[in-house]
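Chemist: Here is the input, now give the coordinates:
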Amino acid sequence: MVDHPADSPTEHAATPTSAQVAAELAVALGRVARRLRQASPDLELTHSQRSALALLDREGPSTTAALARAELVRPQSMRLTVGALESQGLVARAPDPTDGRQAVMSVTELGRRTLAGVRADKRGWLTRAIDEELDETERRTLADAVALLERLVHR
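Modeler: Predicted coordinates for the structure are as follows:
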């Protein structure tokens, strides 16, 4: 375990307020998310492309409009994102069986392999960081924190 002189104020102060914890957590999660995105530096996918590809993998085939709604972006932006994924062979377009005017996008086998690689890179970085930085007690604390975060997300 490495000594951290710049420990957060919540470690040494009285019980922090919910607002203080929320502010510190938002910053920390943002930093973790950035580090995870950097875990696959050789992969030439933008954050939006990775997110759309993962959504298609998780939820199944979808129209561009439905993807845009799910990702909270404009349909024009999603069309560009999906177009880039399609040009790389990561997604495939097929006619919508219920509305011939639309197309349904789905993940290709190459897209699945690419996502598996991205996920493995992220897990690998995080596993190494945990192994190198945290002792057994801290790993247990982090596991407990993960359970709490899951509870917050699913409330």
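
Chemist: Show the contacting residues for the closest residue to residue 97 other than its chain neighbours.
Modeler: Spatial nearest neighbour of residue 97, excluding adjacent residues (Cβ to Cβ, 6 or more residues apart in numbering): residue 104 at 7.7 Å. For the C-beta atoms, the positions are set from N, CA and C on the backbone; glycine is no exception. By Cβ atoms under 8 Å, 6 or more residues apart in numbering, residue 104 lies in contact with 61, 62, 63, 93, 94, 95, 96, 97.

Chemist: Keep only those of those that are in strands.
Modeler: Among the contacts of residue 104, the members falling in strands (DSSP state E) are 62, 63, 93, 94, 95.

Chemist: can you give me the strands in the chain?
Modeler: Listed in chain order, the strands of the chain (DSSP E) span 62-63, 91-95, 103-107.

Chemist: Please work out which residues outside the first one touch it.
Modeler: Translated: strand 62-63. Contacts for strand 62-63 (Cβ under 8 Å, 6+ apart): 55, 56, 70, 96, 102, 103, 104, 105.

Chemist: which of these count as buried?
Modeler: Among the contacts of strand 62-63, the ones that count as buried by 16 or more other Cβ atoms under 10 Å are 55, 56, 103, 104, 105.
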